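Enquirer: Need coordinates for the following:
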Amino acid sequence: MRFGRLLISSALFGVVAVAFAFTGSFSAIATAQNSSSSSSSSKSHTSQKAHPATPLDAGSVSADVYRNPAFGFSCKIPAGWVLRTEEMNSRDSESVDNGKIAANPSTGGRVLLAAFSRPPEARAEDVNGSILIAAESAASYPGLKDAAQYFGPVTEVAKAQGFDVVEEPYEFPVGIKTLVRGDFQKDVGTRVMRQSTVVMLARGYALSFTFIGGTEDEVDELVQGLSFAVGAKAAK
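Expert: Predicted coordinates:
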């Protein structure tokens with residue numbers, strides 16, 4: 001299967017370009033045109049029919065935890081980390097009213113959370129750990145039927161940025177949900193940059209969670225901060 005248009009909107013790509021500049025790494029949401037989707041080995045319960053995009057809840061941060069009731073998840077932010085969510089989205093003059101973003105199916109994506117272990121402009125020898133959560137209307141790319149397909153262009157661009165695939169997309173349980181995860185690695189001088197991206201389709205959106213760190217353990221610890229509320233309404 002081939003998607004006949006931009007898989008990731010130019011609007012979101014502009015946001016991700018900022019993330020790339022901030023972290024010095026590839027953020028797992030990237031643009032590619034007419035890219036082949038990856039072959040999916042995911043089971044049927046990871047596939048979802050496309051739903052019209054509902055108003056996108058921007059979520060909020062309190063006590064070092066990002067919460068998004070609409071999607072039913074929360075994500076822990078390590079103490080002392082800095083937030084750059086507004087800066088990420090400032091390049092896209094999207095209309096925001098009381099935390100709700102206009103639900104135009106043709107709109108691009110929006111970063112819901114951008115958190116870094118140190119100010120992105122601060123130079124240091126170690127990898128700047130980061131968390132990037134973003135959502136984009138699934139209607140932006142007809143033909144997207146399951147989360148694994150999202151990794152086709154992601155992998156292509158990752159390789160172009162010098163990343164190697166550590167793990168091809170695979171089913172990844174997060175509490176009551178089963179998502180799809182892909183892992184990447186890049187040598188940066190004497191350092192190793194690890195990136196894991198977890199993806200789900202829900203409420204008419206492709207929702208991605210990207211975690212970056214200097215070691216596998218660092219990334220796994222960040223991933224473990226992601227959770228879905230038991231008893232919350234299912235995100236469809």
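
Enquirer: can we go C-alpha only for contacts and neighbour counts from here?
Expert: Fine.

Enquirer: Could you name the helices and strands sitting against the host helix or strand of Arg194?
Expert: Using DSSP states H and E, Arg194 maps to strand 191-202. On a contact count with 3 or more C-alpha pairs under 8 Å, 6 or more residues apart in numbering; DSSP states H and E, strand 191-202 meets strand 177-188, strand 205-213, helix 216-223.

Enquirer: From the structure, what's the count of residues near Gln161?
Expert: 12 (other C-alpha atoms under 10 Å).

Enquirer: Next: Asp64.
Expert: 13.

Enquirer: What of Glu171?
Expert: 18.

Enquirer: swap in Asp126?
Expert: For Asp126, using other C-alpha under 10 Å, the count is 12.

Enquirer: Same check on Glu216?
Expert: Other residues lying near Glu216 total 16 when counted by other C-alpha under 10 Å.

Enquirer: didn't it look like it was pressed against Val192?
Expert: No - using C-alpha atoms under 8 Å, Glu216 is not in contact with Val192, being 9.6 Å away.

Enquirer: Now for Ser227: which residues touch it?
Expert: Contact analysis of Ser227 by C-alpha atoms under 8 Å, 6 or more residues apart in numbering lists 73-75, 174-175.

Enquirer: From the residues you listed, which land in strands?
Expert: Mapping the contacts of Ser227 onto strands (DSSP state E) picks out 73-75, 174.

Enquirer: In a markdown table, list the contacts of Ser227 along with distance to Asp187.
Expert: Below are these laid out as a markdown table (distance: C-alpha to C-alpha, whole Å):
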| residue | distance to Asp187 |
| --- | --- |
| Phe73 | 32 |
| Ser74 | 31 |
| Cys75 | 27 |
| Val174 | 28 |
| Gly175 | 32 |
